[in-house]
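>>> Make a model of this:
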Amino acid sequence: MKTTKWLALFGALALVLAACSPSDDDATATTADGSTTETTADAGTPDTTEAPDSGMSAGEGGLVTIFQWQAPSIVNPFLSGGTKDLLASSLVLEPLAEYDPSGQLVPALAAEIPTVANGGVSEDLTQLTWTLKDGVVWSDGSPFTADDVVFTYEYCTQTTSCTQSSFFDGITSVVADDATHVTITFDAPTPFPYNAFTTYQSSILHKTQFEGCVGDELAPTCTEENTNPHGTGPFVVDEFLVNDTVTYVMNPNYRGIADGYPFFGSALIKGGGDATDTLRSVLELDEGDYSWNAQVTPEVVAQMEAAGFGTVQAGFASLVERIMVNQTDPNPDLGDQRSEPGNPHPFLTDPAVWQALSMAIDRQALVDVGYGPSGRPTCNIWPGAPYASPNNDACLTQDIAGANALLEEAGYVDSDGDGIREDPDTGDPLFLLYQTSTNTTRQLNQDLIKANWAEIGIDVELRNIDSGVFFGGDQASPDTYQAFYADVEMYANESGSPDPQNYMSGLGTTGQIVSPANNFGGSNIARFDSAEFDALAAELATTGDLDKRIELVIAMNDLIVQNGAMIPLIYRGSASGLGVDIAGVGDINGWDSEFWNIEIWTRTG
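This next block holds a predicted model:
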């Protein structure tokens, strides 16, 4: 393909990325004209990590208290897929660039966002060069350099349990050109080259601290490094209590101190309890400043807000509550082979069964009891324009009669009249173990879905697991969502980028299938195995034309949904509770860490 065409395609993609971030209203995309332009953030974009002089002294604000009912288990984003742990690390570790609440990529440790126009991206789209900020030091006082960036790449790619390995797909090398320049080389033209080292999911590790922690044997054993990492962010860990609390103090070498940042001299993430209790602590009891993940019923939120101490805010991005459908057999009688590729689920891979499961669910009822205005029914894993598929909307209308007819036709009948259908091949009753994290809203949704499935003759056992365990990174635990020792499980996650490529590819490519062989480090939790999906993901990685990219993402979404690996339920806003006297938070960031700008938070009054 000619260079001029690549430039036009790159520009077209950039225009849409700047316009496609979902908000409280359905997002619409600006029509791309194909002209060459800067990407989502050019060199002139304000860098919120380098705020102007505040007129205050850094640390004068005392303690900021954050309630995070899913308590952190680790402060290393590369050894956990749980948002709770990624958030805990984001106060300490920083990426080269991050997304603001509008979905715009802005510099963090980088001096600017590399583009074709400013020379940071090669014209053939096979190389990207990051220029690092001058004068940044780690919390131990040593200089932050390009070697740290290179090391972070090596750390993840040489550790199979690295949960963020998909961020480095397609990269053949990461080289330090000098102390402040890093060049990434891709194996093919890459229209969206901004996955590696961006967002709180792909922050930079300190080489000097972590160089003895590379590989599957060493990485999990580096307890001090994984819970008290050196960072370049506004805080450092003072005390870490696993699945309980993290206490932070101001990073004495943070680059914003001369300008009065961070305002708060210390921070506390208090874990435990549930979403209702932690939200009440802020909104009703005035015991803290921020309550993350306010997954609380709308009527309870209204009662709490009436106390006058705070409000719930939500930001929509790509967060989807879904039911993951295990494509493999979780029967414990299989021993080490349970939930392993090569052992297909005895009936959940039958289209009649998973289609009936989806048809039976009343998604609007789930929203009404659990989410209110912070949730919308959805039939897609990627919910926002312009990439949302128009091909799955039938699921928005519950169809019990249709689900029953589908099962009957496939031979799943209730032969003994006990209300439970039997498998036509084995004669066994259709039974599902349905697990999720412990949370009032999720348990309400579980109860509704169990009742829906009872109407079509499916027997369901509900299980809820402490969120610190369910979303934790303990490779030895049988209770994590990655291990998936159940038939179906429910949770939500999101892309971390307005561009769907990395996220969608990670959900379903065979190279990301989770198993003990990779220490449960992949992102294909459902164990979806499709050569067609792999081919679509590979094509997306080298396609610059926006219309074609939309077509490919929709095809990937439809393939994984229409083959029953996932049952989308609710398009969720990232909802959190804020105390009335906390200022500077701005809009809730659904694209990156909700604490992405904590250095500029202040307290009024």
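>>> going forward, measure contacts between C-alpha atoms and count neighbours the same way
Will do.
>>> For the residue sitting furthest away from the middle of the chain, what is the enclosing helix or strand?
Largest separation from the mean C-alpha position in the chain: residue 416, at 44.6 Å (Cα atoms, centre = their mean). Counting by DSSP states H and E, no helix or strand carries residue 416.
>>> residues contacting residue 171?
184, 185, 186, 187 (Cα atoms under 8 Å, 6 or more residues apart in numbering).
>>> Tell me which of those residues fall in strands.
184, 185, 186 (DSSP state E).
>>> where does the stretch 451-600 of the chain dip in pLDDT?
Within the stretch 451-600 of the chain, no stretch has pLDDT under 70.
>>> so where do the strands sit in it?
Counting by DSSP state E, counting those that start in this stretch, the stretch 451-600 of the chain has strands at residues 459-465, 488-493, 566-579, 582-583.
>>> do the stretch 301-450 of the chain as well
Counting by DSSP E, counting those that start in this stretch, one finds strands in the stretch 301-450 of the chain at the ranges 310-325, 375-377, 431-437.
>>> want to throw those strands into TSV with mean pLDDT?
Shown next, in TSV, are those (pLDDT from 0 to 100):
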stretch	mean pLDDT
strand 310-325	95
strand 375-377	95
strand 431-437	97
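>>> Could you point out which of these sits nearest residue 177?
strand 310-325 (35.5 Å; Cα to Cα).
>>> Partner strands of the closest one and their direction?
Pairing partners of strand 310-325, with direction, according to DSSP bridges: strand 488-493 (antiparallel), strand 566-579 (antiparallel).
>>> most tightly surrounded among the ones you listed?
Most buried of the strands paired with strand 310-325 by mean neighbour count (mean count of other Cα atoms under 10 Å) is strand 566-579; its value is a mean of 26.
>>> Can you give the distance from it to the centre of its chain?
In terms of Cα atoms, centre = their mean, to the nearest Å, the centre of strand 566-579 is found 12 Å from the chain centre.
>>> Equivalent analysis for stretch 187-202, please.
So, by Cα atoms, centre = their mean, the centroid of stretch 187-202 is 15 Å from its chain's centroid.
>>> ok, and what's touching it?
9-10, 13, 77-78, 86-87, 89-90, 93-99, 124-126, 128, 149, 164, 167-168, 170-172, 203-204, 496-497, 499, 502, 541-544, 592-593.
>>> that older thread, may I see the strands of the stretch 301-450 of the chain arranged in JSON lines, with mean neighbour count as well?
Output for the strands of the stretch 301-450 of the chain, formatted as JSON lines (neighbours: other Cα atoms under 10 Å):
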{"stretch": "strand 310-325", "mean neighbour count": "24"}
{"stretch": "strand 375-377", "mean neighbour count": "22"}
{"stretch": "strand 431-437", "mean neighbour count": "21"}
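>>> and residue 581, which of those strands is closest to it?
Smallest distance to residue 581 across the strands of the stretch 301-450 of the chain (Cα to Cα): 8.1 Å, for strand 310-325.
>>> Run the chain-centre distance for that closest one.
Its chain's C-alpha centre and that of strand 310-325 lie 11 Å apart, by Cα atoms, centre = their mean.
>>> returning to what we had before: any chance of the strands of the stretch 451-600 of the chain in CSV, plus distance to residue 529?
Listed next are those as CSV, based on distance: least, Cα to Cα, whole Å:
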stretch, distance to residue 529
strand 459-465, 26
strand 488-493, 17
strand 566-579, 13
strand 582-583, 47
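>>> so who does residue 209 touch?
Contacts for residue 209 (Cα under 8 Å, 6+ apart) come out as 225, 229, 230.
>>> Would you confirm that the second one contacts residue 75?
Yes: with contacts counted by Cα atoms under 8 Å, residue 229 reaches residue 75, the gap being 7.2 Å.
>>> Of the two, which one has the most company?
Between residue 229 and residue 75, counted using other Cα atoms under 10 Å, the more crowded position is residue 75 (29 against 22).
>>> returning to what we had before: for residue 295, find the nearest of the strands paired with strand 310-325.
strand 566-579 (7.2 Å).
>>> Now distance to residue 407 and secondary structure too, for the contacts of residue 209, in JSON lines please.
Formatted as JSON lines, the contacts of residue 209 follow (distance: Cα to Cα, whole Å; DSSP: H, G, I helix; E, B strand; the rest coil):
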{"residue": "225", "distance to residue 407": "52", "secondary structure": "helix"}
{"residue": "229", "distance to residue 407": "53", "secondary structure": "coil"}
{"residue": "230", "distance to residue 407": "56", "secondary structure": "coil"}
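>>> Specify which member of the residues you listed is nearest to residue 57.
Distance to residue 57, by Cα to Cα, is smallest for residue 230 among those, at 23.2 Å.
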